[in-house]
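Undergrad: sequence unknown, structure follows:
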């Protein structure tokens, strides 16, 4: 089909049904349906490139079998990798590097590295919640600046409060109540009350050594069976 200036417009099949819009050099531009609505932008070899809407705005990059690959915005930067059913899989940056795994409603689930390995579970506002290992097992709860807060077990139960350098600070109960201040090798140092007040200095096997006052002043030396011996001065 040609225009009034005899410029080619559209390739048609043997039944004069439109197949493909072409440029003035007869290079294919866009596959069209029987109503001449654009369907898919194609390259010079008629390989599909991008599905388009009725206004020729790009919608989805496709592979050579017209399988969707990546949802794109109106300026063609990639937005989200999709599966064969056009379900979103992973948000990507402008270089198609994965950024965040998403659920079917495009809600962020997990930040990933460039190899799609999970890094950090995030909430619906992309705030970090929990660092995870390569099997998506929780490792460490983090604050909004990705600073570690608390090591957790596989059921997300808190195990140990940690410093910003991931050094253990305090073992906690499942309700986040402090149990025992620990040294850098997770050796217990002293048992603490719910307000982190020291109660009792302990040995490496949590055996009590010395009951202490709130300023860590020794009050009573204890034997392994909790038999007391009153301390007369602070030098013990």
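TA: Received, thanks. None of these values were measured; they are calculated from a predicted model.
Undergrad: neighbours around residue 121, how many?
TA: Look at residue 121: counted by other C-beta atoms under 10 Å, it has 20 neighbours. (C-beta placed from N, C-alpha, C; glycine too.)
Undergrad: and if you look at residue 21?
TA: 20.
Undergrad: go on, residue 92?
TA: Neighbours of residue 92 (other C-beta under 10 Å): 18.
Undergrad: and it, bridged to which residues?
TA: residue 98 (DSSP bridges).
Undergrad: what do you get for the one 10 residues further on?
TA: Going by DSSP bridges, residue 102 is paired in beta bridges with residue 108.
Undergrad: state the distance from it to residue 28.
TA: Using C-beta to C-beta, to the nearest Å, residue 102 is found at 34 Å from residue 28.
Undergrad: same question for residue 37.
TA: In terms of C-beta to C-beta, residue 37 sits 16 Å off from residue 28.
Undergrad: confidence score at residue 226?
TA: pLDDT for residue 226: 46.
Undergrad: and if you look at the one 10 residues further on?
TA: We have a pLDDT of 39 for residue 236.
Undergrad: now do the same for residue 122: its pLDDT.
TA: Residue 122 is assigned 73 on the pLDDT scale.
Undergrad: my guess is it meets residue 99, correct?
TA: No: counting by C-beta atoms under 8 Å, residue 122 stays clear of residue 99, with 10.5 Å between them.
Undergrad: residues shared between the contacts of the two?
TA: residue 111 (C-beta atoms under 8 Å, 6 or more residues apart in numbering).
Undergrad: element containing residue 64?
TA: Residue 64 is part of no helix or strand, with elements assigned from DSSP states H and E.
Undergrad: picking that back up, more crowded one of residue 37 and residue 28?
TA: residue 28 (18 against 13).
Undergrad: beta partners of that one?
TA: residue 22.
Undergrad: just confirm it contacts residue 21, I think it does.
TA: Yes: here residue 28 reaches residue 21: they are 7.5 Å apart, a contact under C-beta under 8 Å.
Undergrad: lowest-scoring secondary structure element of the chain by mean pLDDT?
TA: strand 228-230 (a mean of 47; mean pLDDT, DSSP states H and E).
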